[in-house]
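this one's structure only:
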C-alpha cells in the first residue's frame, strides 16, 4: 500500500514541476503596453474592462471594451452600459460605439415598452475576426409585455458591421407590443 501512495506522489510531483516550467516560459510584452481607461464623462465607476475583445477593421487594430455600468447618455436611461472602441496603440483614445442611442421605447400612452436602465450593455463583447461582425449584449434588458404589465427580463444583443456603420438589434425573446 505504501509503494502505491509513493508512486502517485511521484507522478504528482512530476506534473507540478512540468506545469511550473510552462508557466515560467510564458512571456508578456511589458515594454510596449497600452493602458486604456474609460472616459470620465461617461465612465466614472462603470466597470470598464468587464469584457474585452480584439478587433481589426480595415487593417486597424482595436480593443472593444465593455463597461456594463457606463452612462451612455441615452434619454431616460440610468447606467445602461456601453461598449468602447479603444486604440490598441494610443492610450486614452476610446469612444463609445453607438449601439443604441434612442433610450427606452415609449408607447403612445407614455408608458415604456422596455427598461434599459441597468441592462449591462457591454457585459458580453465579441468579434468574429478581421472586418467581421461585432456582438455586444445586455443580459439584464427588460421587456414589458401583456399590456405593459408583465416584466420579462429577456436580454438583448446588438451586432455591428462595416466599421460600426450597420448596427442591428437581436432580441429573439421579445414578444409583440
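Yes, it's here. Nothing here was measured: the structure is a model prediction, and the numbers come from that model.

those helices in the chain, which residues are they?
Applying DSSP state H to the chain gives helices spanning 2-25.

For it, which residues score under the pLDDT cut-off?
The model of the chain has pLDDT under 70 over residues 1-5, 16-29, 146, 148, 175-177.

what are the ranges of the strands in it?
For the chain, the strands defined by DSSP state E cover 51-57, 60-67, 82-87, 94-96, 114-115, 124-127, 134-138, 142-145, 150-152, 156-161, 166-170.

Throw those into TSV and include mean neighbour count and distance to residue 45, thanks.
(Glycine included, C-beta is placed from N, CA and C.) Below are these laid out as TSV (neighbours: other C-beta atoms under 10 Å; distance: least, C-beta to C-beta, whole Å):
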stretch	mean neighbour count	distance to residue 45
strand 51-57	17	17
strand 60-67	21	10
strand 82-87	24	13
strand 94-96	18	16
strand 114-115	22	21
strand 124-127	19	19
strand 134-138	24	19
strand 142-145	19	23
strand 150-152	13	27
strand 156-161	20	24
strand 166-170	12	27
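
Out of these, flag the one nearest residue 108.
Closest to residue 108 of these is strand 142-145 (C-beta to C-beta; 14.2 Å).

The closest one - contacts with which helices or strands?
If contacts are counted by 3 or more C-beta pairs under 8 Å, 6 or more residues apart in numbering; DSSP states H and E, strand 142-145 sits against strand 114-115, strand 150-152.

now the ones you listed as JSON lines including distance to residue 127?
As requested, these are arranged in JSON lines below (distance: least, C-beta to C-beta, whole Å):
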{"stretch": "strand 114-115", "distance to residue 127": "26"}
{"stretch": "strand 150-152", "distance to residue 127": "29"}
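
Which stretch among those strands approaches residue 70 most closely?
strand 114-115 (16.7 Å).

Might you report the residue contacts of residue 71?
Counting by C-beta atoms under 8 Å, 6 or more residues apart in numbering, residue 71 makes contact with 42, 43, 46, 78, 79, 80, 82.
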